Structures are given as C-alpha cells and as structure tokens.
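Turn this into a structure:
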Amino acid sequence: MIRLKLRTGAIAATALLLVAGAAEAQNVRRVAPERLTGYWYLTNKSVNPDVPNTGKNLDQPTCVAVTYMIGSDGRTQNATISKVVPAGDLGQVGVSIVKQLSYVKGSQNGTAEPVQTYYVTGFNLPEDPAKKAAILDQCKLSGYQTT
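Now for the predicted structure:
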C-alpha cells in the first residue's frame, strides 16, 4: 500500500513539474533567427547530422524549420519539426542538426536568458540564389520577434 502511495505521489509530482515547465516555456522570449546574435552566438564550426539512407522526398529541393529553446547554459532543448516543404523524411535531419548546436550569450543577454527560436535548413537546393531563397522562405515561421 505504501508503494502505491509513493507511485501516486511521484506521478502527481511529475505532472506538476510538466505543467510548471510548460508554463515557463510559454514565457520564454521568442526571437527570430536573424535577431538571435543579440541574445546568443552560435559556436559550432560544423555539425555531423544523421541522414537517412531511404525515405520520402530525400532527393527533392526541401526546406526544414525546427523550433527549439536555447537554455541558460547555451545548449539546445526541445527540438521539434515545425515545417517540411515538400513533406518528406528530411525533418529528422534538421532535428539532428539543431541538437548539436551550442551557443554563448550575446551582448543583449547579460543574464543568459533562455530564448525560443527556430532554424531553417535546406537540402538539395538549386545553385540559383533566387530559387534557393524562394525555397527557404517557405519555411519561415511567424510569431517570432524581429525587432
């Protein structure tokens, strides 16, 4: 009987922490990628993404948008696929890239405030800059601070 109460208590405590974490995540500043350097500077020189051997639309020009939070330690958290155009299996590659990113605080971020942002990457993009930009623009997300 005591074990049952401990389990119930642990479940309730876990649920409370999840609700508190979700409420805290809603209060995190949302920053557009082009404004991120005021808050956080990317320190990676390269990443080693996990690329599937087979899947849907792996050979098509594609953009992927991945949302994530940069924690107060400069590490990425909660990487989530937000958009893949055209639909296919390259979203997980974007997540694997974001999970490897690391940051140091920027000049506007004296207290190392966590921020929510997103990362857009392209695959199989054409050489033509205008065509390339048109594909990547399809994955821009709204609702992020741009000023």
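
ok, Thr62 - how many residues close by?
Residues lying near Thr62 (other CB atoms under 10 Å) number 26. For every residue, glycine as well, the C-beta is placed using N, CA and C.

residue contacts, it?
By CB atoms under 8 Å, 6 or more residues apart in numbering, Thr62 lies in contact with Val84, Val85, Pro86, Gly88, Leu90, Gly122, Phe123, Asn124, Ile135.

again, 6 Å this time
Leu90, Phe123 (CB atoms under 6 Å, 6 or more residues apart in numbering).

Likewise for the one 5 residues further on?
With contacts defined as CB under 6 Å, 6+ apart, the neighbours of Thr67 are Thr80, Ser82, Tyr118.

Give me the buried subset of the residues you listed.
By neighbour count, with 16 or more other CB atoms under 10 Å, these hold Ser82, Tyr118 as buried.

Closest one of the contacts of Thr67 to Lys45?
Tyr118 (21.3 Å; CB to CB).

Kindly provide the distance from the closest residue to the closest one other than its chain neighbours to Arg30.
Nearest non-adjacent residue to Tyr118, counting by CB to CB, 6 or more residues apart in numbering: Thr67, 4.5 Å away. Thr67 sits 9 Å away from Arg30, going by CB to CB, to the nearest Å.

one step back: could you list which of the contacts of Thr67 belong to helices?
Counting by DSSP state H, none of the members of the contacts of Thr67 fall within helices.

Spell out which residues sit in contact with Ile97, please.
Ile97 neighbours (CB under 6 Å, 6+ apart): Val47, Pro49.

And it, which helix or strand is it part of?
For Ile97, the host element (DSSP states H and E) is helix 91-100.

Show me what the helix or strand that that helix is followed by is packed up against.
Moving toward the C-terminus from helix 91-100, the next helix or strand (DSSP H and E) is strand 103-105. The contact analysis (3 or more CB pairs under 6 Å, 6 or more residues apart in numbering; DSSP states H and E) places strand 103-105 against strand 40-42.

Which parts of the strand it packs on count as buried, going by neighbours?
Trp40.

still on that earlier bit, using the three-state scheme, assign the residue nearest to Tyr118.
On the three-state scheme (DSSP: H, G, I helix; E, B strand; the rest coil), Thr67 is labelled strand.

what sits opposite it in the beta ladder?
Bridge pairing for Thr67 (DSSP bridges) gives the partners Thr80, Tyr118.
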